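*Asks:* Provided below are the primary sequence and the corresponding predicted coordinates.
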Amino acid sequence: MTGDCTWRKSSYSGGDAIDDNCVEVTFGQAVRVRDSKNTAGPELAFSVEAWKAFVN
């Protein structure tokens, strides 16, 4: 998926260590999630409804 968007890093991010697990998320017509250590890598996309069900 491409396009301009604002990615938000998890507030639980531990920093820049190689073993830190962290995700970034952006909201639009779909909710997209990616690995913050590999921002050019693959993304997961979820419908807004599926994302709301997940976080609830």
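*Replies:* Received the coordinates, thanks.

*Asks:* alpha carbons only for contacts and neighbour counts from here, please
*Replies:* Will do.

*Asks:* just the element for Lys25, please.
*Replies:* Heads up, residue 25 is Val, not Lys. Element membership of Val25, judged by DSSP states H and E, is strand 23-27.

*Asks:* so after that strand, what's the next helix or strand?
*Replies:* Next in sequence after strand 23-27, counting helices and strands by DSSP H and E, comes strand 30-35.

*Asks:* so for that following strand, what gets flagged as buried?
*Replies:* Residues of strand 30-35 classed as buried by neighbour count (16 or more other CA atoms under 10 Å): 31-35.

*Asks:* who touches it?
*Replies:* Identification of contacts with strand 30-35 by CA atoms under 8 Å, 6 or more residues apart in numbering yields 22-26, 41-48, 51.

*Asks:* and the furthest pair within these?
*Replies:* Farthest pair in these (CA to CA) is Gly41 and Val48. Separation: 21.8 Å.

*Asks:* between the two, who's got more neighbours?
*Replies:* Ranked by neighbour count (other CA atoms under 10 Å), Gly41 and Val48 place Val48 first, with 15 against 9.

*Asks:* where's the more buried one relative to Asp35, distance?
*Replies:* To Asp35, Val48 is 19 Å away according to CA to CA, to the nearest Å.

*Asks:* ditto for Phe46
*Replies:* Distance from Phe46 to Asp35, counting by CA to CA: 15 Å.

*Asks:* ok, Glu49 next?
*Replies:* Glu49 sits at a distance of 22 Å from Asp35 (criterion: CA to CA).

*Asks:* got a list of contacts for the helix or strand of the chain with the lowest mean pLDDT?
*Replies:* Of all helical and strand segments in the chain, the minimum by mean pLDDT, DSSP states H and E falls on strand 8-9, at a mean of 88. If you take CA under 8 Å, 6+ apart as the criterion, strand 8-9 is touched by 22-26, 36.
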